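Colleague: just a sequence and a predicted model for now, questions to come.
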Amino acid sequence: MKKSVHRIYIGTMVSIVILITIYLAFTGYSYYSTPLEERFYHPSHNWFKPSGLFGQGLGVVGTFLILFGVSIYIARKRYNVLAKYIRLKYLLEFHIFLCTLGPILVLFHTAFKFGGIVSVAFWSMVAVVASGVIGRFIYIQIPRTIEGRELSLNEVKNLKTDVTEVLTKKYNLEPQVIQLFVNFTNETETAQKKPSIGKLDKTLKQHQIEPAERKSILAMVKNERSLSRKIGRLELMKRLFKYWHVAHMPFALIMLIIVIIHIVVAFTFGYKWIF
């Protein structure tokens, strides 16, 4: 998936989450802003209450989105289901989308009324979502193959380009000029010694490098700088990702168990929505 298409893919999912949240908040504002003890007298109480047609529907759909998002991601990651059709990193984005939208629907299903075991499930859900956001940040810091497999330190180092060799053989630049580009890619250099992209571009212009070639060179050194940063924090990010599972999984299991209990109790008391 090209970067531009990937941005559209992410942007679309973010927009859907935002628009649905705004819609739910707008349509139910009158009810949700009414004090709990007065909601029974609200004209839309039977519609928006957690056991109402709309309120319970939000809970059902939200729970389905969460369970589906978790199930399809685990199936792909652990058992390679759909491996031929979708890459893991794109499915991760879809998993995050469903497991963000689902909790939002569940939040409106509760009508912002928390108590008892439901409050435990809700705050576990909040912890899962929050840790999921942190986990995604850590995940994207770890270099991966196009299929989503983690790269080892040696594999990442092999991705690097010999900037000195390229600039010497292909563009015949002087050693002192090449050193500027090497300093730019080197994470150990101080900010004072590290030139800006503007300065590098100006240097290439002075050596009469064509615009297309300048763009290619600058893209190369930017990529090298990014790889240098990733190499520097690779092991740290891998350790953090392992620790992250320790926080993410227990909260997810607690939420799942309580949701199942909640569903069983609801059906036992006859709250069967449209079924």
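Modeller: Right, received. Where do you want to start? Residues are numbered from 1 along each chain as shown.
Colleague: low-confidence regions, this protein specifically.
Modeller: Where the chain drops to pLDDT under 70, the residues are 1-3, 116-118, 142-157, 159, 187-193, 274-275.
Colleague: tell me which residue is most central in it.
Modeller: R136 (4.4 Å; Cα atoms, centre = their mean).
Colleague: give me the nearest residue to that residue, chain neighbours excluded.
Modeller: Leaving aside its sequence neighbours, R136 sits nearest to I96 (Cβ to Cβ, 6 or more residues apart in numbering; 6.0 Å). C-beta: built from backbone N, CA, C; applies to glycine.
Colleague: report how many residues lie close to the one you found.
Modeller: 21 (other Cβ atoms under 10 Å).
Colleague: what are the ranges of the strands in the stretch 151-275 of the chain?
Modeller: With DSSP state E, counting those that start in this stretch as the criterion, the stretch 151-275 of the chain has no strands.
Colleague: wait, isn't the residue nearest to R136 in contact with G132?
Modeller: Yes. Counting by Cβ atoms under 8 Å, I96 does reach G132; the two are 6.2 Å apart.
Colleague: circling back: ok, the residue nearest to the centre of the chain to C99 distance?
Modeller: Here R136 is placed at a distance of 11 Å from C99 (Cβ to Cβ, to the nearest Å).
Colleague: so where does the residue nearest to the centre of the chain fall, helix or strand?
Modeller: According to DSSP states H and E, R136 maps onto helix 116-141.
Colleague: which strands and helices sit next to that helix?
Modeller: Where contact means 3 or more Cβ pairs under 8 Å, 6 or more residues apart in numbering; DSSP states H and E, helix 116-141 is packed against helix 88-109, helix 211-268.
Colleague: among the ones you listed, which is the most enclosed?
Modeller: Neighbour counts (mean count of other Cβ atoms under 10 Å) averaged over each of the helices and strands packed on helix 116-141 peak at helix 88-109, with a mean of 20.
Colleague: what is it packed up against?
Modeller: Secondary elements touching helix 88-109 (3+ Cβ pairs under 8 Å, 6+ apart): helix 3-32, helix 53-79, helix 116-141.
Colleague: and I217, which of those is closest to it?
Modeller: Each of the helices and strands packed on helix 88-109 has some distance to I217 by Cβ to Cβ; the shortest is helix 3-32, at 19.4 Å.
Colleague: many thanks, have a good one.
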